[in-house]
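In: Sequence plus the predicted model coming up.
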Amino acid sequence: MAHYKELGLVNTREMFKKAVTGKFAVPAYNFNNMEQLQAIITACTETQSPVILQVSSGARKYANQTLLKYMGQGAVEMMKDLARSKSLKEIPIALHLDHGDTFELAKSCIESGFSSVMIDASHHPYDENVKITREVVEFAHKHDVTVEGELGVLAGIEDDVVAEKSTYTHPHEVEDFVKRTGVDSLAISIGTSHGANKFKPEQCTKNADGIYIPPALRFDILDEIEKRIPGFPIVLHGSSSVPIEAVKLINSNGGALKDSVGIPEEQIRRATQSSVCKVNIDSDGRLWMTGAIRKVFTEKPAEFDPRKYLGPARDALTLMYKHKNQNVLGSAGQA
Ligand code: G3H
Ligand code: 13P
Ligand code: ZN
């Protein structure tokens, strides 16, 4: 058993308290490898933003669960070095399990140094969701680990679970769910979804430049939820904006992405003015990383040193994370 406090990590409790009152959202960025982690730490330290490092169960298998524990610890040490060298404040870093689907997985992550876990049992019937979530909360809280639950189902792909359609969160359930489970934060479904194809073209309108404009998020549902659990930390998954520039960069360098539509950044910015205090972003990083790598391969087909294409990918990611912290989530300067 490695406790997260020994690794220099923090849970999400204080971060969320500050974010709800300060009307900003803490970035929750997914990572699977060293370059993504370096970019997140550099961007968040340099913009002085708190950060949640997010690991899906797929990422855990990909990166190796033992290595991940040390990557979490390494991230804290890297942040301290960077902060010292630039005379900046140290930032709070949480290591979080994204979309945990069983008690065993959540327990295993807690025992290997995670400071926060999500138990996503939202595809189960309500009472089953309550039961599974409660079980995780009881174990997690013994170790001062914070827990995110979910009500409502997002469309898209989460590891092996594919949901064709989203089911919006029912506001009348939130109070009971929070009370009975004891969760520290709640992920809700108000129209965001996972991946780079969040809406079908027929659901969108097209602007003069031929860019798809998706329907607005259901802020009415968010308002209803807030009325019932005022100030309670709310989480938005599926919040990538799928920038047209990143899609073009991929497609002009041999890629074949079609009908890619994300959540406009103004919508996410608006959501941060409520109790939304954690915003999950993965796909935008995947897009910029892929675009940067494809560009190197197009321009320098003889290149075979991984640092020569992963380096530019890391730079593109760093820029994107800084932009999110400064211009979308409002987390810059809130460490
Ligand atoms: O919500 C899903 C995240 O983007 C993680 O994706 O399960 O493919 O690692 P993954
Ligand atoms: P995106 O696919 O929109 O980046 O969402 C990521 C996410 O919700 C991770 O849990
Ligand atoms: Zn998610």
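Out: Arrived safely. Numbers count the residues shown, from 1 in each chain. Ligands and ions are numbered 1, 2, ... in the order given.

In: If you count neighbours, what's buried in whichever strand or helix holds A106?
Out: Per DSSP states H and E, A106 falls inside helix 103-111. Within helix 103-111, the residues scored as buried using 16 or more other C-beta atoms under 10 Å are 103, 105-110. Every residue, glycine included, has its C-beta placed from N, CA and C.

In: what's the closest of those to E148?
Out: Nearest to E148, judged by C-beta to C-beta, of the buried residues of helix 103-111 is A106 at 10.5 Å.

In: distance of that closest one from D184?
Out: Distance, A106 to D184, by C-beta to C-beta, to the nearest Å: 13 Å.

In: Mutual contacts of these two, please.
Out: Listed as contacting both A106 and D184 by C-beta atoms under 8 Å, 6 or more residues apart in numbering are V147.

In: Setting aside sequence neighbours, what's the nearest residue to the closest residue to ligand 3 within the stretch 151-300 of the chain?
Out: Closest contact between the stretch 151-300 of the chain and ligand 3, by C-beta to the ion, is at H237 (3.3 Å). Leaving aside its chain neighbours, H237 sits nearest to N280 (4.6 Å; criterion: C-beta to C-beta, 6 or more residues apart in numbering).

In: cool, and N207?
Out: Among residues not flanking N207 along the chain, I213 sits closest, at 5.6 Å (C-beta to C-beta, 6+ apart).

In: That neighbour: how many residues sit nearby?
Out: If you count neighbours by other C-beta atoms under 10 Å, I213 ends up with 12.

In: What values do phi and psi take at it?
Out: Main-chain dihedrals, I213, degrees, to the nearest 10: phi -110, psi 110.

In: In this structure it contacts C204, no?
Out: Yes - in terms of C-beta atoms under 8 Å, I213 counts as a neighbour of C204; the distance is 5.7 Å.

In: what bits of the stretch 101-250 of the chain have low per-residue confidence?
Out: Applying pLDDT under 70 to the stretch 101-250 of the chain flags residues 156-165.

In: where do the strands sit along it?
Out: Assignment of strands within the stretch 101-250 of the chain using DSSP state E, counting those that start in this stretch yields the ranges 116-119, 146-151, 156-158, 161-163, 185-188, 205-206, 212-213, 234-236.

In: of these, which approaches P306 most closely?
Out: Proximity to P306, assessed across those by C-beta to C-beta, is greatest for strand 156-158 (27.2 Å).

In: From the contact counts, what lies against the longest helix anywhere in the chain?
Out: Taking DSSP state H as the criterion, the chain has its longest helix at helix 65-85. Counting contacts by 3 or more C-beta pairs under 8 Å, 6 or more residues apart in numbering; DSSP states H and E, helix 65-85 is packed against helix 34-46, strand 51-56, helix 57-63, strand 93-100.

In: any idea of the mean pLDDT for the shortest one?
Out: Read it as strand 51-56. Across strand 51-56, pLDDT averages out at 98.

In: Pairing partners for it, with directions?
Out: Using DSSP bridges, strand 51-56 pairs in its sheet with strand 26-30 (parallel), strand 93-100 (parallel).

In: close to ligand 1, is that strand?
Out: Yes - counting by C-beta under 6 Å from any ligand atom, ligand 1 is contacted by strand 51-56 at S56.

In: and that strand with helix 34-46, angle?
Out: With axes from the mean of the first three to the mean of the last three C-alpha atoms, to 10 degrees as the basis, strand 51-56 and helix 34-46 are set at 160 degrees to each other.
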